[in-house]
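*Asks:* sequence-free structure coming up:
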């Protein structure tokens, strides 16, 4: 799994059946220091996350297994949870990072 | 998933038996500012997307999680057509205002 920041939202009404009602959110992956790591990606969300939230997500085939209803869907990234505390060394990433509004 | 714009389709009559009845789309990957990157992907169409559409595509073994591509040699599938996209608080794409 990876640490990430939700930076945007995507709406798609024409999508693969089984994905209705599943939020699609743009995530910027973060490295262990909280700095952006690589390019953004779009993930489904299994929680009520929104732009600005510090989250962790799973990618690959397992992403579909995290979805609440239909799991036989072509999804390769899903947000699993909010991150309240992420301690690295003596830093708590969650409190140090200013959410980018 | 990644965001890409469909810039064309691809026809191959001589191909793997597993992909016989699949529509292949040529997708140019976009970055998070909706700018085209110098990166292309050939993806199987699972939602009826067409040239000019901004879409989401899944890659890896997740791409085989559709009735169309199950157990087929496919690692990229277009699974959504983007209607609107908000990024960092502003709208970067609106399908019906293009």
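*Replies:* Okay, I see it. Worth saying up front: this structure is predicted, and the values here are computed from it rather than measured.
*Asks:* average pLDDT across stretch A:78-93?
*Replies:* In this model, stretch A:78-93 carries a mean pLDDT of 91.
*Asks:* does that stretch reach chain B?
*Replies:* No - shown here: stretch A:78-93 not in contact with chain B (CB under 8 Å from any CB of the partner chain), separated by at least 10.0 Å. From N, CA and C alone the C-beta is placed, and that goes for glycine too.
*Asks:* which parts of that stretch are buried?
*Replies:* Residues of stretch A:78-93 classed as buried: A:78, A:79, A:80, A:83, A:86, A:93 (neighbour count, 16 or more other CB atoms under 10 Å in any protein chain shown).
*Asks:* for the third one, what are its contacts?
*Replies:* Going back to what we said before, that points to residue A:80. Applying CB atoms under 8 Å, 6 or more residues apart in numbering or on different chains to residue A:80 gives the contacts A:1, A:46, A:47, A:55, A:56, A:57, A:58, A:66.
*Asks:* dump those into CSV; add distance to residue A:40, neighbour count and pLDDT as well.
*Replies:* Below are the contacts of residue A:80 laid out as CSV (distance: CB to CB, whole Å; neighbours: other CB atoms under 10 Å in any protein chain shown; pLDDT from 0 to 100):
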residue, distance to residue A:40, neighbour count, pLDDT
A:1, 17, 12, 94
A:46, 19, 19, 95
A:47, 19, 15, 96
A:55, 13, 23, 96
A:56, 16, 16, 97
A:57, 12, 25, 97
A:58, 16, 20, 97
A:66, 19, 20, 94
